[in-house]
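Participant: I need the structure of the sequence given here:
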Amino acid sequence: MARIIALLVLAVAVTGCSSWNLSTAITGIRLAPLELDPAGLEFFFAVPDNVDLSSGDAKILLAYAPLKGEEADVVKSEIGLAVHRFEPSGEFNTDFSSNLYRARIPESQLSDFRNTQAEISNMKSNEINGVGTFAVRIHSACYYGQSPEPFFMTAWIRTEPGGAIMPLARKVDLWTVLSAWAATDLRERVRECT
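Facilitator: Numbering: from 1, shown residues only. All right, here's what the predicted structure looks like:
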């Protein structure tokens, strides 16, 4: 059976099911997202120390869009991640004053993600050609004091419990790495903390 091998894209402030490749800022990791156990999947985000992330501020997307002419619908699962503050260890070097957060798929959403994996696997086994997307993004945030300028972010992934923590993005400025419309969209979702 063919496997989807996806370049994990850290897609920040993406609306709908679109995504883009921040190839100049992101370290590509080859993954087989249909074979991952979502219960073991963890993301870590370092953001400026005046920025706060809460559950739902980061999202994960798994989708498969059949090519034109294929008789199938788009399969998609976008889930708000459970986000918690995390005390850093030596594995998390950020080069800027930061808060570190761990993000996971909530237990109540694991079956949704697994169902999407199964649906996509079924489409692939039935030779329905399409494009797969596996992405994580910061959807929103809040800040204390001044709006973060620049809005640096570093991100890592772990694909299994006790597994290696691998870098995804290192000290990217979200305001400058994004397209103009994506940066505007993110700015609208980054609000002052109350």
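Participant: can you give me phi and psi for the closest residue to Phe151 other than its chain neighbours?
Facilitator: Nearest residue to Phe151 in three dimensions, chain neighbours excluded: Leu174, at 4.4 Å (Cβ to Cβ, 6 or more residues apart in numbering). For glycine as for every other residue, the C-beta is placed from the backbone atoms N, C-alpha and C. Note on Leu174: its backbone torsions stand at phi -60, psi -30 [degrees, to the nearest 10].
Participant: cool, Ile60 as well?
Facilitator: Main-chain dihedrals, Ile60, degrees, to the nearest 10: phi -120, psi 140.
Participant: again, but for the one 5 residues further on
Facilitator: Per-residue torsions, Ala65: phi -110, psi 110 (degrees, to the nearest 10).
Participant: Low-confidence ranges, this protein, go.
Facilitator: Counting by pLDDT under 70, the ranges of the chain that qualify are 1-30.
Participant: So the residue located most distally from the centre of the chain, which state does it fall into?
Facilitator: Centroid-distance maximum for the chain: Gly69 at 29.5 Å, with Cα atoms, centre = their mean. Going by DSSP: H, G, I helix; E, B strand; the rest coil, the secondary structure assigned to Gly69 is coil.
Participant: any idea how far Leu36 is from the closest residue to Glu70 other than its chain neighbours?
Facilitator: Of all residues not flanking Glu70 in the chain, Ile128 sits nearest, at 5.2 Å (Cβ to Cβ, 6+ apart). For Ile128, the distance to Leu36 (Cβ to Cβ, to the nearest Å) stands at 21 Å.
Participant: Equivalent analysis for Lys76, please.
Facilitator: Lys76 is 17 Å from Leu36, by Cβ to Cβ.
Participant: residue boundaries of the strands in this protein?
Facilitator: For the chain, applying DSSP state E gives strands covering 6-7, 9-10, 30-31, 42-48, 51-52, 58-66, 75-80, 82-85, 98-104, 130-138, 141-143, 152-158, 166-173, 190-192.
Participant: Same list (those) but as TSV, adding mean neighbour count and distance to Ser179.
Facilitator: Listed next are the strands of the chain as TSV, based on neighbours: other Cβ atoms under 10 Å; distance: least, Cβ to Cβ, whole Å:
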stretch	mean neighbour count	distance to Ser179
strand 6-7	16	18
strand 9-10	23	14
strand 30-31	14	25
strand 42-48	23	20
strand 51-52	20	21
strand 58-66	21	18
strand 75-80	19	20
strand 82-85	15	25
strand 98-104	21	24
strand 130-138	21	14
strand 141-143	20	19
strand 152-158	22	16
strand 166-173	18	14
strand 190-192	14	16
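Participant: what sits against Met117?
Facilitator: I think there's a mix-up here, since residue 117 is Gln and not Met. With contact set as Cβ atoms under 8 Å, 6 or more residues apart in numbering, Gln117 has these partners: 33-34, 36, 38, 62.
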